[in-house]
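> Have a look; sequence and predicted model below, questions after that.
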Amino acid sequence: MQGKTHLVVGTALALVLLPPVGLQGLILGTGLAALGSVISDIDSGHSGAGQDAARVMALSAIIVILTVAADLTFHAGILNGIAQRMRMNSSLAAGIVFVVILLSGILLPHRSFMHSITGGALLCACLYQLMPRDWAYFAVGFGSHLLLDVTNQRGEQLFFPLRKRYALRWFKSNGFVNRLLLAAGGAALAIVLYHYAAPYIRETAQGVGQVAQGAGQVLQGAGKMASEAAQRAGEAAQKAARGAGESLRSGMDQLAGK
């Protein structure tokens, strides 16, 4: 299947099977599921099907950037949590091994190590050390990728390093079923994300509304104060004018008396 099909189907499936708890769980779970659903095609530079590893890496980078942006926007504490875990030597080692596995996957043939249960298990083991509460989202995304690709014409070395490839040969990777899964997965992902994110969106909107209401009250108070100041200034000007008029009339009367 195509990369965008893997992305929407794998992410939606993970969020349905593993309902996230809290805003941090939603952001981190979505990011990990999306990453797991596309990371297998990091080896596609060796494929004659036209998949490009650079695109997969770019998509992975976008997922990470969006996750960080969401964390900074909603203050979910993801970055702080990861930073605390990375202070531990074992977690640092797991992160290094994770990167080494990905680099190895780039060098190996398409649909071999990165499309195997072996590769997925190693990556999940690293993520379990880094994120013991959220690694399963990645696992579901990765597993969905293997399940979708095994239905295609070209096989996968599911039990790498064994060379035997497994293929059901039910569908073409870019045929009608791929387009159907893309549409259904996209719709499901949109619905699931809205379902989980709606409370936080409403909460954020309420906060913005309260800030706007407070700003309106401040402006209203400032306008009232300005109006009262203008009124007092007008009254003072009127009194000054009356005083000046009375002084002028008194002076005129004195001159006329003389």
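Structure's in. What do you need?

> can I assume Val9 is in contact with Leu180?
No - judged on C-beta atoms under 8 Å, Val9 makes no contact with Leu180 at a distance of 10.7 Å. To be clear about C-beta, it is placed using only N, CA and C from the backbone, and glycine gets the same treatment.

> Neighbour count for the two, which is higher?
Applying other C-beta atoms under 10 Å to Val9 and Leu180 shows that Val9 carries more neighbours, namely 24 against 12.

> And the more buried one, which helix or strand is it part of?
Assessed by DSSP states H and E, Val9 sits inside helix 3-17.

> That helix: what's the following helix or strand?
helix 22-38.

> helices and strands around the helix holding Val9, which ones?
helix 22-38, helix 53-74, helix 135-149, helix 176-257 (3 or more C-beta pairs under 8 Å, 6 or more residues apart in numbering; DSSP states H and E).

> Output it as CSV, nothing but the C-alphas.
Listed next in CSV are the C-alpha coordinates belonging to helix 3-17 (Å, rounded to 0.1, in the frame of the first residue of the first chain):
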residue,chain,number,x,y,z
GLY,A,3,2.6,5.6,2.4
LYS,A,4,-0.4,7.9,2.9
THR,A,5,-2.7,4.9,3.2
HIS,A,6,-0.4,3.3,5.8
LEU,A,7,-0.4,6.6,7.7
VAL,A,8,-4.1,7.1,8.1
VAL,A,9,-5.0,3.5,8.6
GLY,A,10,-2.3,2.8,11.1
THR,A,11,-2.8,5.9,13.1
ALA,A,12,-6.6,5.5,13.2
LEU,A,13,-6.3,1.9,14.2
ALA,A,14,-3.9,2.6,17.0
LEU,A,15,-6.1,5.4,18.5
VAL,A,16,-9.2,3.1,18.3
LEU,A,17,-7.5,0.1,19.9
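
> Three-state assignment for Phe160, please.
coil (DSSP: H, G, I helix; E, B strand; the rest coil).
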